[in-house]
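Let's see this in three dimensions:
(one chain, ligands or ions: 1)
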Amino acid sequence: MEPSKELIEEKIREGRAFVARWEIDENLFEGYLTDQDKKLPQPPLVKEAMTDNVMDLPRDFSALAINNDFLGIINSRESHRVYTGETMSLLELSYLLWCTQGIKEIRGRAYATLRTVPCGGARHEFECYMAVRDVDGLEPGLYHYLPMHHQIEYLDAPDSLDEFISASLCGQAWTAKANVVFYYSAVFYRAEWRYGITTHRVLLIDSGHITENMYLAATSIGLGGCAIGAVDGNLCDSSFRLDGEEEAMFYAMPVGKVKAEDKSKEKEFYAFVDEQNL
Ligand SMILES: Cc1cc2nc3c(=O)[nH]c(=O)nc-3n(C[C@H](O)[C@H](O)[C@H](O)COP(=O)(O)O)c2cc1C
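Presented below is the predicted three-dimensional model:
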């Protein structure tokens, strides 16, 4: 049965209020202190490895043919949903991780990480996971990025990696042709410690920086990807061993090898626009 008009209107209003911060009634929260204000201990800057299966990633990117034409990259950035099936190198994967979540510096003794992307208060409350399908030298399966030392850890191999990828991105089967799918979780308290009740809206703003850097980094080395908001959070949480409360998956981006000749195949995803004369 179709939900009532009133219910939909209420949901829309809730969504608008979340973006516009109407829900923070200054009077109601007068005197509110965050845990940082209360001088409570700060949570860890990154999540520790969950396994012993840790490997170092290469950090010298000089062997990559990186396009340094900044405006050219900006102008050619686009979403790619068709991948060639050629293998991605470990150095390319390492470069993508560095450009999107790499840690350049620590602020203070251990106050914050400074990364290749900006983030409100440098909280960097995100963790990056991967479903690796086809990267040279890596066993296909699920991985976790360890940014403190630019490493990855191998977590698991689902029965069918391709089925997992497609289901985890709400049935978008084309994503299971990418070389790697990057998944992003939020470790909420890492930001809540500082920002308390105002954390969650900024968290969503910040996540966009990660995928934009991914788009630009991928473009700069001849790869392509597509940000994905349609993520099955429950399936991702259970598959990547997240509790779904303190840490939950909410965003993803498949990336793969692409070629210019596939432009017409890319256009098929939007064939309905012409068909329906939109
Ligand atoms: C937050 C976000 C969520 C998105 N979710 C999806 C998605 O679930 N499926 C999809 O095919 N494209 C998704 N996209 C890609 C957009 O459809 C795409 O950016 C848009 O059509 C503009 O095309 P362009 O990126 O080539 O400029 C998403 C993009 C963003 C930024």
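
Would you mind putting the CA coordinates of the host helix or strand of Trp193 into CSV?
Assigning secondary structure by DSSP states H and E places Trp193 in helix 188-195. Extracted in CSV, the C-alpha atoms of helix 188-195 (Å, rounded to 0.1, in the frame of the first residue of the first chain):
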residue,chain,number,x,y,z
PHE,A,188,30.6,8.1,14.6
TYR,A,189,32.2,8.8,18.0
ARG,A,190,35.5,9.9,16.4
ALA,A,191,33.6,13.1,15.3
GLU,A,192,30.9,13.1,18.0
TRP,A,193,33.5,13.5,20.7
ARG,A,194,34.2,16.9,19.3
TYR,A,195,30.9,17.9,17.6
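
by contact count, what packs against that helix?
On a contact count with 3 or more Cβ pairs under 8 Å, 6 or more residues apart in numbering; DSSP states H and E, helix 188-195 meets helix 199-220. C-beta: built from backbone N, CA, C; applies to glycine.

what angle sits between the helix it packs on and helix 188-195?
Per axes from the mean of the first three to the mean of the last three Cα atoms, to 10 degrees, the angle that helix 199-220 makes with helix 188-195 is 120 degrees.

buried sites along helix 199-220?
In terms of neighbour count (16 or more other Cβ atoms under 10 Å), helix 199-220 has its buried residues at 199, 201-203, 206-207, 209-211, 213-220.

and Tyr145, that's in a strand?
Yes: assigned with DSSP: H, G, I helix; E, B strand; the rest coil, Tyr145 falls within a strand.

So which residues of the chain form strands?
Secondary structure of the chain (DSSP state E): strands at 54-56, 103-107, 112-115, 126-132, 141-146, 151-156, 180-187, 223-225, 247-257.

Quick check: neighbours of the second one in the sheet, parallel or antiparallel?
When sheet partners are counted by DSSP bridges, strand 103-107 sits next to strand 112-115 (antiparallel).

Now do the strand it pairs with, average pLDDT.
In this model, strand 112-115 has an average pLDDT of 98.

just how off-centre is that strand within its chain?
17 Å (Cα atoms, centre = their mean, to the nearest Å).

buried set for it?
Under the neighbour-count criterion of 16+ other Cβ under 10 Å, strand 112-115 has 112-113, 115 buried.

and of the residues you listed, the nearest to Lys11?
Arg115 (34.2 Å; Cβ to Cβ).

which residues does the closest residue to the ligand within the stretch 151-278 of the chain contact?
Of all residues in the stretch 151-278 of the chain, Gly229 sits closest to the ligand, at 3.3 Å by Cβ to the nearest ligand atom. By Cβ atoms under 8 Å, 6 or more residues apart in numbering, the contact set of Gly229 is Tyr251.

and it, backbone torsions?
phi -90, psi -20 (degrees, to the nearest 10).

Please apply the same query to the one 3 residues further on.
Recorded main-chain torsions at Asp232 are phi -80, psi 90, according to degrees, to the nearest 10.

next one: Asn67
When read as degrees, to the nearest 10, the backbone of Asn67 gives phi -80, psi 120.

so who does it touch?
For Asn67, counting by Cβ under 8 Å, 6+ apart, the contacting residues are 73, 219-222.

ok, of the residues you listed, which one's closest to Lys267?
Lys267 has its nearest neighbour among those in Thr219, at 18.3 Å by Cβ to Cβ.

Per-residue pLDDT of Met249, please?
With respect to pLDDT, Met249 scores 98.

Just give the nearest non-adjacent residue to it, would you?
Closest residue to Met249 apart from its sequence neighbours, by Cβ to Cβ, 6 or more residues apart in numbering: Cys236 at 3.6 Å.

Can you read off the backbone torsions of Leu45?
Per degrees, to the nearest 10, the backbone of Leu45 is at phi -70, psi -30.

Ser185 against Leu242, yeah?
Yes: using Cβ atoms under 8 Å, Ser185 and Leu242 qualify as a contacting pair, with a distance of 5.8 Å.

Quick check: nearest residue in space to Tyr215, chain neighbours excluded?
In space, and not counting its chain neighbours, Tyr215 is closest to Arg77: 4.9 Å by Cβ to Cβ, 6+ apart.

quick one: that neighbour from Glu153, how far?
30 Å (Cβ to Cβ, to the nearest Å).

Among the two, which residue is more densely surrounded?
Glu153 (18 against 15; other Cβ atoms under 10 Å).
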